[in-house]
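**Student:** I would like the atomic coordinates for the input below:
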Amino acid sequence: MATTAAARKPPTASAKTTQARAPAKAKRQKDACDLLDADHKAVKALFKESESLSESRSRSTTKKRQLANRICKELTVHATIEEEIFYPAVRKAIKDNDLMNEATVEHASAKDLIAQIKGMDPADELFDARVTVLGEYIDHHVKEERTEMFAQARASKLDLLSLAEQLKQRKDELMAQEDLKAVTPLAEPAMAH
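**Tutor:** Residues are numbered from 1 along each chain as shown. The predicted model follows:
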């Protein structure tokens, strides 16, 4: 069987480059917005789990407490990395103070609800309601970040890949600190003699 000369020729350098680039286009590197949005999706799943648990007949206060603690931890760490790293960089890049100020106020309100939930007994009749309201509040906040803030950040000259690395590193540090707090018992008060 005869083959043509073109079929026997090895690929040219430009053909190799095109082949090497093709997968890169299909799968782009995750940027800061992707990292933050992954957090949004993870906490949304936790809120759905909480909703299912509150609707179930088991009414396990232990499970409710564990789930609420996890939601609060995830949101606290997420808000911290946004406030320390993402928001200042985005504020500088997009110059939309109204949007950034609103996000900051929304964080403060969410932190208030988180503190209330942490201080409550899961058997309290308002416990489920507070977790539900926090979830609804976070949904609203996430929609604004996705549609407005992330769109503007991506349209700016902000290096979102470098920012993603900073966010991930800080998140890992904060999660380790939160895990340490969870396993370290509080010190007993010194006995007076």
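**Student:** which parts of stretch 107-115 are buried?
**Tutor:** 107, 110, 113-114 (16 or more other CB atoms under 10 Å). The C-beta positions use only the backbone N, C-alpha and C, and glycine is treated the same way.
**Student:** The spatially most central residue of the chain: helix or strand, and which one exactly?
**Tutor:** The residue lying closest to the centre of the chain (CA atoms, centre = their mean) is residue 39, at 2.4 Å. Assigned by DSSP states H and E, residue 39 belongs to helix 32-55.
**Student:** Which neighbouring elements make contact with that helix?
**Tutor:** helix 61-81, helix 127-144, helix 150-155, helix 160-183 (3 or more CB pairs under 8 Å, 6 or more residues apart in numbering; DSSP states H and E).
**Student:** okay, residue 191: pLDDT?
**Tutor:** On pLDDT, residue 191 comes in at 46.
**Student:** do the same with residue 181
**Tutor:** We have a pLDDT of 80 for residue 181.
**Student:** residues near it, how many?
**Tutor:** Residue 181 sits with 10 neighbouring residues when counted by other CB atoms under 10 Å.
**Student:** Show the model's pLDDT score for residue 186.
**Tutor:** 53.
**Student:** Excluding covalently adjacent residues, which one is nearest to residue 82?
**Tutor:** residue 36 (6.8 Å; CB to CB, 6 or more residues apart in numbering).
**Student:** The one you found contacts residue 168, correct?
**Tutor:** No - using CB atoms under 8 Å, residue 36 is not in contact with residue 168, being 10.4 Å away.
**Student:** picking that back up, burial check on the closest residue to the residue nearest to the centre of the chain other than its chain neighbours, number of neighbours?
**Tutor:** Among residues not flanking residue 39 along the chain, residue 78 sits closest, at 4.7 Å (CB to CB, 6+ apart). Per other CB under 10 Å, the neighbour tally for residue 78 reads 23.
**Student:** OK, contacts around residue 78?
**Tutor:** The neighbours of residue 78, taking CB atoms under 8 Å, 6 or more residues apart in numbering as the test, are 36, 39, 43, 171.
**Student:** From residue 79, how far out is the second one?
**Tutor:** As defined by CB to CB, to the nearest Å, residue 39 lies at a distance of 10 Å from residue 79.
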